[in-house]
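>>> Sharing a sequence plus its predicted fold:
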Amino acid sequence: MSGGSLDYVYGRLNDAVIEIKRRATTPLQKSFACHLNDVSMALYDLEMLYSGDFGAGDEIESLSKCVSKSMVLDTIVKDAEVILVELQNALIDVKSL
């Protein structure tokens, strides 16, 4: 595997996860470590995707553990709002010709 497109950030995060798990004393800290582990796995999958080692869609399962459907929908709505403003501005420009 070539990797490297995200500078192997997943490895540094995984090191932090190991330390947090080792030192965690509360359920909240332990749960946070588990969440960070999921994020680390998602970062790994994205790195492999962006480096050409994984194919499109290979990252979906790991990302889905970190991102809720409502977060995805919120992002889609925000992107659509930006596109709408751009279209409105383009329409204004065309009308002024």
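Looks like it came in fine.

>>> all helices for the chain, in order.
9-23, 27-50, 60-64, 69-95 (DSSP state H).

>>> Can you check which of these gets nearest to Gly3?
Counting by C-beta to C-beta, Gly3 lies closest to helix 27-50 out of the helices of the chain; the figure is 5.4 Å. To be clear about C-beta, it is placed using only N, CA and C from the backbone, and glycine gets the same treatment.

>>> What residues sit buried inside the closest one?
Across helix 27-50, burial judged by 16 or more other C-beta atoms under 10 Å covers 33, 36-49.

>>> For that helix, give the mean pLDDT please.
Averaged over helix 27-50, pLDDT sits at 97.

>>> start at 13 instead
In the new numbering, first residue 13, that becomes helix 39-62.

>>> Mind giving me the packing neighbours of it?
helix 21-35, helix 72-76 (3 or more C-beta pairs under 8 Å, 6 or more residues apart in numbering; DSSP states H and E).

>>> In JSON lines, list those along with mean neighbour count and mean pLDDT.
Output for the helices and strands packed on helix 39-62, formatted as JSON lines (neighbours: other C-beta atoms under 10 Å; pLDDT from 0 to 100):
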{"stretch": "helix 21-35", "mean neighbour count": "14", "mean pLDDT": "97"}
{"stretch": "helix 72-76", "mean neighbour count": "14", "mean pLDDT": "97"}
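
>>> circling back to that earlier point, could you dump the helices of the chain to JSON lines with distance to Gly15?
Listed next are those as JSON lines, based on distance: least, C-beta to C-beta, whole Å:
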{"stretch": "helix 21-35", "distance to Gly15": "9"}
{"stretch": "helix 39-62", "distance to Gly15": "5"}
{"stretch": "helix 72-76", "distance to Gly15": "15"}
{"stretch": "helix 81-107", "distance to Gly15": "26"}
